[in-house]
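Novice: Give the three-dimensional model of this entry:
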Amino acid sequence: MSLNTSSTDFEQLFESAPISLWLEDYSLLKTLFDRWRAEGITDFEAHLKASPELLQQCSSCLKVIKVNQQTLQVFAATSQEELVSRLSEVFRDDMLDNMVKELAHLWRGELEFSNLTVNYALDGRRIDVQIQVRVLQGHEADWSRVMVSLQDITPQVQARAELQRSERYARDLFEHSPVSLWVEDFSGVKALLDEARAKGIQDFRVFLSVHPDFVTRCMEQLRVIDVNQQTLRMFAAHSKQELLDRLGSVFRGEMRDSFAEQLQDLWQGKLNQQREVINYSLSGDAVNIHLQFAVLQSHEAHWDQVLISMVDITARKKAEAYLEYLGKHDSLTSLGNRAFYVEELNRVSRKGPWPLSLLAIDLNGLKLVNDGLGHAAGDAMLRRAGEVISSATSGQAVCTARIGGDEFVVLMPGCDERTAQSLKARIQTMTDLNNQFYPGQRLSMAIGMGICTAAGQVDAALNQADQDMFAAKAQFYADNNLERRRF
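Specialist: The predicted structure follows:
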């Protein structure tokens, strides 16, 4: 093959290459580097940093000999002459910092290297490029022929940047969500469930009741991958590491039963669940939580990524408990109300324990106090009655309630007649003490008692307590030579 033929082939390859090619002359740069070395310069980058204007001197030493057609297309140039005359528009801004790194390769004697950099087309477009620089063979001594190839990787860089933005967005959503978020690995739990299934276990609920240690084994397999900032606030943790180191303080008490229910749902293939549970903050406070559990898509086979969200419903639970309290308690005396009494009576009638003792209590003379001194005075008497009954029954497993205007009742499950008589005497003693602390209108209560040993006897016991109470009330008025309406 003749020299002319080889030259022609090279020209065709150069012109038709699918990437941008630049044939350049770096001989003046080589001369400049040699002079700097002779002057004692050893640290190239420090030299440029001390005199930034030297970078422009280096740039002016680079001479473009030829570019191919792909180069003109990439940089939106109509000709090589236009491109060369406007190189200051191509190599600018963030290109300069990368240029220092490229020149440093040549300073160190590296005659072939690659780098990621940024150029600009003549129409203003920013172009991310993979640059490959090579001093051609036979020109190593003077760098008079250097081949520079530029591959436009803008789509790849933009795609990578978009992916990073998406990842950062997702991370920000996770970290700054107003809901506590946990990413956990349940693969160890799945392995234990699969092992149990392989052994022929069919009734998983019965299996757990016979082998409660299985729940503990599953809990030990849980792995927390990450938690967000709201989780740290909810559980009073200063850092993620502190929370992870003290998970035993968070998941305790009632959590075991809740986790057992969760395992039963997982056994049945329920990979999306929600329930209410109780956890504990690191400060020891109970936290009522609405929990949502979901095995993430594409992880159903191994359960190695599970998203758990937790909403603190402690305030709501307290409000519900307070509303329930109001619905079952008398606001004046703080004792149970009639609805509470009926519910407790029905419960005890069904389940016991037996015997059941009952005290029926009626406040003597409330109507006359209301009529003569006003309802405020009557309310004060009722409050005093509530104080006496509460103090007398304090610490005992009994139900106390105000079931009417001046009517009270005490249910005493599992208490015999002797215990009931003792409580009756205590209420009377506490009434006397109360009168010593409240001068003026004396507090007086009539008390009746009934006893039963089975559900079928409850109505009779209630009737007996009422009859005893009416007899005590009549005796009170007779002993004091008073008419009830004039007391």
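Novice: mind saving the C-alpha coords of stretch 189-203 as PDB?
Specialist: The C-alpha coordinates for stretch 189-203 follow below in PDB (Å, rounded to 0.1, in the frame of the first residue of the first chain):
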ATOM      1  CA  VAL A 189     -39.000 -13.800  59.800                       C
ATOM      2  CA  LYS A 190     -40.000 -15.200  56.400                       C
ATOM      3  CA  ALA A 191     -37.400 -17.900  56.600                       C
ATOM      4  CA  LEU A 192     -38.800 -19.000  60.000                       C
ATOM      5  CA  LEU A 193     -42.400 -19.000  58.700                       C
ATOM      6  CA  ASP A 194     -41.300 -21.000  55.700                       C
ATOM      7  CA  GLU A 195     -39.500 -23.400  57.900                       C
ATOM      8  CA  ALA A 196     -42.600 -23.900  60.100                       C
ATOM      9  CA  ARG A 197     -44.800 -24.400  57.000                       C
ATOM     10  CA  ALA A 198     -42.300 -27.000  55.600                       C
ATOM     11  CA  LYS A 199     -42.700 -28.900  58.900                       C
ATOM     12  CA  GLY A 200     -46.400 -29.300  58.100                       C
ATOM     13  CA  ILE A 201     -47.800 -26.600  60.500                       C
ATOM     14  CA  GLN A 202     -51.400 -25.800  59.400                       C
ATOM     15  CA  ASP A 203     -53.100 -24.100  62.300                       C
END
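Novice: Can you list the buried residues in it?
Specialist: Val189, Lys190, Leu193, Ala196, Ile201 (16 or more other CB atoms under 10 Å). No exception for glycine: its C-beta is placed from N, CA and C like everyone else's.
Novice: Make sure the last one is indeed in a helix.
Specialist: To tie it back to what came earlier, the one meant is Ile201. No - read with DSSP: H, G, I helix; E, B strand; the rest coil, Ile201 is coil and lies in no helix.
Novice: Identify the residues contacting it.
Specialist: Phe207 (CB atoms under 8 Å, 6 or more residues apart in numbering).
Novice: now Phe207
Specialist: Ala196, Ile201, Phe214.
Novice: ok, the first one to Phe204 distance?
Specialist: Taking CB to CB, to the nearest Å as the measure, Ala196 and Phe204 are separated by 7 Å.
Novice: Gly138: what's it in contact with?
Specialist: Arg145.
Novice: For it, pull up the helix or strand it's in.
Specialist: Per DSSP states H and E: Gly138 is located in neither a helix nor a strand.
Novice: So for Gln70, what's the pLDDT?
Specialist: pLDDT, Gln70: 93.
Novice: now Ala17: how far from Arg145?
Specialist: For Ala17 relative to Arg145 (CB to CB), the value is 16 Å.
Novice: tell me the mean pLDDT for stretch 437-449?
Specialist: pLDDT averaged over stretch 437-449 gives 91.
Novice: for that stretch, which positions count as buried?
Specialist: Gln441, Leu443, Ser444, Met445, Ala446, Ile447, Gly448, Met449.
Novice: what secondary structure does the last one sit in?
Specialist: For Met449, the reduced secondary structure class is strand; criterion used: three-state DSSP.
Novice: Contact partners for it?
Specialist: With CB under 8 Å, 6+ apart, Met449 has these contacts: Ser357, Leu358, Leu359, Ala360, Glu417, Ala420, Gln421, Lys424, Gln464, Ala465, Asp468.
Novice: What strand or helix carries the last one?
Specialist: Here Asp468, judged by DSSP H and E, is contained in helix 458-479.
Novice: which strands and helices sit next to that helix?
Specialist: Contact analysis of helix 458-479 by 3 or more CB pairs under 8 Å, 6 or more residues apart in numbering; DSSP states H and E lists strand 356-363, strand 445-452 as its packing neighbours.
Novice: from the chain's centre, how far out does the last one sit?
Specialist: Computed by CA atoms, centre = their mean, to the nearest Å, the chain-centroid distance of strand 445-452 equals 54 Å.
Novice: Sheet-wise, list the partners of it with their directions.
Specialist: strand 356-363 (antiparallel) (DSSP bridges).
Novice: What's the mean pLDDT across the strand it pairs with?
Specialist: 95.
Novice: Show me which residues of whatever helix or strand comes next after it are buried.
Specialist: Where DSSP H and E defines the elements, the next helix or strand beyond strand 356-363 is helix 366-373. Neighbour-count burial for helix 366-373 flags Leu366, Leu368, Val369, Asn370 (criterion: 16+ other CB under 10 Å).
Novice: looking at it, Asn435 is touching Arg442, isn't it?
Specialist: Yes - counting by CB atoms under 8 Å, Asn435 touches Arg442, with 5.1 Å between them.
Novice: what's the residue nearest the centre of the chain in contact with, if anything?
Specialist: Closest residue to the average C-alpha location of the chain: Ser180 at 1.3 Å, with CA atoms, centre = their mean. Going by CB under 8 Å, 6+ apart, Ser180 touches Val227, Asn228, Gln230, Thr231, Met234, Phe235, Ile289, Ser309, Met310, Val311, Asp312.
Novice: from the residues you listed, which ones fall inside helices?
Specialist: Gln230, Thr231, Met234 (DSSP state H).
Novice: Excluding sequence neighbours, find me the nearest residue to the second one.
Specialist: What it means is Thr231. Ser180 (4.2 Å; CB to CB, 6 or more residues apart in numbering).
Novice: Let me know the pLDDT of that neighbour.
Specialist: 96.
Novice: cool, and His176?
Specialist: Per-residue pLDDT puts His176 at 94.
Novice: Backbone dihedrals for the residue nearest to Thr231, please?
Specialist: Here the main-chain torsion angles of Ser180 (degrees, to the nearest 10) amount to phi -70, psi 120.
Novice: who does it bridge with?
Specialist: In beta-bridge terms (that is, DSSP bridges), Ser180 pairs with Met310.
Novice: now the contacts of Ser180: which count as buried?
Specialist: Buried members of these, counted by 16+ other CB under 10 Å: Val227, Asn228, Gln230, Thr231, Met234, Phe235, Ile289, Ser309, Met310, Val311, Asp312.
Novice: The fifth one and Asn288 touch, don't they?
Specialist: In other words, Met234. No - the pair Met234 / Asn288 is not scored as a contact, 11.2 Å apart, by CB under 8 Å.
Novice: what touches both of the two?
Specialist: Asp312.
Novice: Do you have the strands of this protein handy? List them.
Specialist: Assigned by DSSP state E, the chain shows strands spanning 20-25, 63-67, 112-120, 126-135, 146-152, 180-185, 223-227, 272-280, 286-295, 306-312, 356-363, 399-402, 407-413, 445-452.
Novice: now those strands in a markdown table, with distance to Glu324?
Specialist: Formatted as a markdown table, these follow (distance: least, CB to CB, whole Å):
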| stretch | distance to Glu324 |
| --- | --- |
| strand 20-25 | 77 |
| strand 63-67 | 83 |
| strand 112-120 | 66 |
| strand 126-135 | 65 |
| strand 146-152 | 70 |
| strand 180-185 | 26 |
| strand 223-227 | 33 |
| strand 272-280 | 15 |
| strand 286-295 | 14 |
| strand 306-312 | 20 |
| strand 356-363 | 24 |
| strand 399-402 | 15 |
| strand 407-413 | 19 |
| strand 445-452 | 29 |
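Novice: Cheers, nothing more for now.
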